[in-house]
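can you look at this prediction? I've put the sequence above it.
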Amino acid sequence: MSARMFFRDMCRPWTWTWASNCQPLKVLTATARDIQEELTARRITSFEAVDKYLDQISQHNGYLHAVIATCPSARQQAETLDRERQNGKIRGPLHGIPVLLKDNIATHPDFGMDTTAGSLALAGSRPRKNADVVEKLILAGAIILGKTQLSGIENHAWLSAVGGQAQSAYTFGDVDLSDTPLGHTSPSGSSTGSAVAISAGFSPVALGTDTGGSLMTPSTRAALYALRPTSGLCSRAGVVPLSAIFDTIADTNAAYAKLKHLAKSFKKVTLATPDAFIVNQTDSFYAIQTARFKATIEEYLQTLETSKVRTLDQLISFNQDDASHEMPAGYDNQDQLIAAAESKMFEFEHSYLLRHARRVSRDLGIDKTLRGYDVDVIIAPADSCFNLLVSAAGYPSATMPLSYLAFNGRPIGLAVFPTAHQERLLLQVLSAWEAISPQRRPPTLS
């Protein structure tokens, strides 16, 4: 679960011509850049923008279940930032821009919202402070608009006890509960709410998290651009963790660079398959995650000022006692949590599996392919095993919208990944792709 930024568009040229009486904010298509230009021109205020987004949430969240909570102080934050703007103080490109946070990113209780990671066990818990990424957003002048739905900590694809059943803003009809996590009706997870919220016009920007594709797949199924930074690039402090090794969080200062060059060519390449992670009949990626989850989650739980649970065993017991909410029909197990609680992996085994995963994904995978074919990036289907490859390597990646399935409207997209610390290159690729692609089609919301 690493946190990433979702974007509706990367650098679409300015096309609005608002009259002096200010036309309504087009929340389904407005980007953060669009809004910032309108704020700068004094044709709209942050307070008005927040009102529009809260109204959109009020109208459509009852069906989509993308937002778990809206921030009671959002309008007050907007008023403060509007006053700063009037006085000539602009903190940066995010000044006065509403932002949604995935509900595993801690916010101080003063914001009036829980940080639940989708579990009722964490409802009412009190983080001692904001996550580092939230502090950066505040300093940059962003407005914390609310918290988004996610797969529960039991890792049930797109459902949580707190947020309910998330729905795609694009597909025709409800989620088929018999569908697989990558089935055609699935909005995917775990950053489901952040992706659905952006596509539905609930906010121009949202943060999500990613461990093994939990940002990439929801974003591509919402026709979004998304950026997953290199693991360790941004602080994960204050984020409810899945894996201390594979988790990552987005840099709130990410900005697209001026396009310098386009890809020289597209070539068909062959990469490692998921079977490459199997060593001695053990899936090294999931074994690494499972082996350290107990220590990782308990370290977070111990930082809380108050919490109903402090250990993984207590969390498992809570879920069993409240199974009707935490494990409803169709999601009636917490096998991954139990496996993590029972894991007895020795340190030398963990180190061996980690070296294996890194070698397969880096030396024999991404880096070998980039060198061997003399290319800057690899482009692949976004709904694919490549997400695990990138996560195991700890490399950055991004998604680009491609098209929509005719039979149910589901968006499909592409994933792009280079070697480590090439976020600037990724943003150049996204910018180039947007320049040659049809304009994104917003969903039809009744």
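Yep, that arrived.

tell me which residue is most central in the protein.
Per Cα atoms, centre = their mean, the C-alpha nearest to the average position across the chain is that of Gly208, at 2.3 Å.

what helix or strand is Thr369 on?
Per DSSP states H and E, Thr369 falls inside helix 367-373.

same question, Ser194
Assigning secondary structure by DSSP H and E places Ser194 in helix 192-199.

so what sits opposite the residue nearest to the centre of the chain in the bridge?
With DSSP bridges applied, Gly208 shows beta-bridge pairing to Arg4.

can you map out the helices along this protein?
With DSSP state H as the criterion, the chain has helices at 32-40, 46-64, 74-86, 132-139, 192-199, 216-220, 284-303, 312-321, 323-326, 335-342, 347-358, 367-373, 386-393, 423-436.

what's the average pLDDT for the helix holding Ser194?
What helix 192-199 shows for mean pLDDT is 96.

can you name every helix or strand that it contacts?
Applying 3 or more Cβ pairs under 8 Å, 6 or more residues apart in numbering; DSSP states H and E, one finds that helix 192-199 contacts strand 4-7, helix 46-64, strand 67-70, strand 98-102, strand 143-148, strand 205-208, helix 216-220. (Each C-beta comes from the backbone N, C-alpha and C, glycine too.)

switch the cut-off to 7 Å
On a contact count with 3 or more Cβ pairs under 7 Å, 6 or more residues apart in numbering; DSSP states H and E, helix 192-199 meets strand 4-7, strand 67-70, strand 98-102, strand 143-148, strand 205-208, helix 216-220.

and of those, who's closest to Pro187?
Nearest to Pro187, of all the helices and strands packed on helix 192-199, is helix 216-220, at 6.0 Å by Cβ to Cβ.

and that closest one, what does it pack onto?
Packed next to helix 216-220, using 3+ Cβ pairs under 7 Å, 6+ apart, are helix 192-199, strand 225-228, strand 397-404, strand 411-417.

show the average pLDDT along it.
The predicted model assigns helix 216-220 a mean pLDDT of 93.

over to stretch 159-178?
In this model, stretch 159-178 has a mean pLDDT of 89.

buried sites along it?
Neighbour-count burial for stretch 159-178 flags 159-163, 165-171, 175 (criterion: 16 or more other Cβ atoms under 10 Å).

ok so, going back, separation between the residue nearest to the centre of the chain and Leu370?
Applying Cβ to Cβ, to the nearest Å, the value for Gly208 to Leu370 is 26 Å.

how about low-confidence regions in the stretch 51-200 of the chain?
Within the stretch 51-200 of the chain, the stretches falling below the threshold (pLDDT under 70) are 154-158.

try 80 this time
Scanning the stretch 51-200 of the chain for pLDDT under 80 picks out 152-159, 177, 180-181.

picking that back up, for Ala117, which of the helices of the chain is the nearest?
Set against Ala117 and scored by Cβ to Cβ, the helices of the chain come closest in helix 284-303, at 9.1 Å.

quick one: mean pLDDT over the closest one.
Here the average pLDDT along helix 284-303 is 91.

going forward, the N-terminal residue is numbered 440.
That works, and once the first residue is 440, the last one we named lands at helix 723-742.
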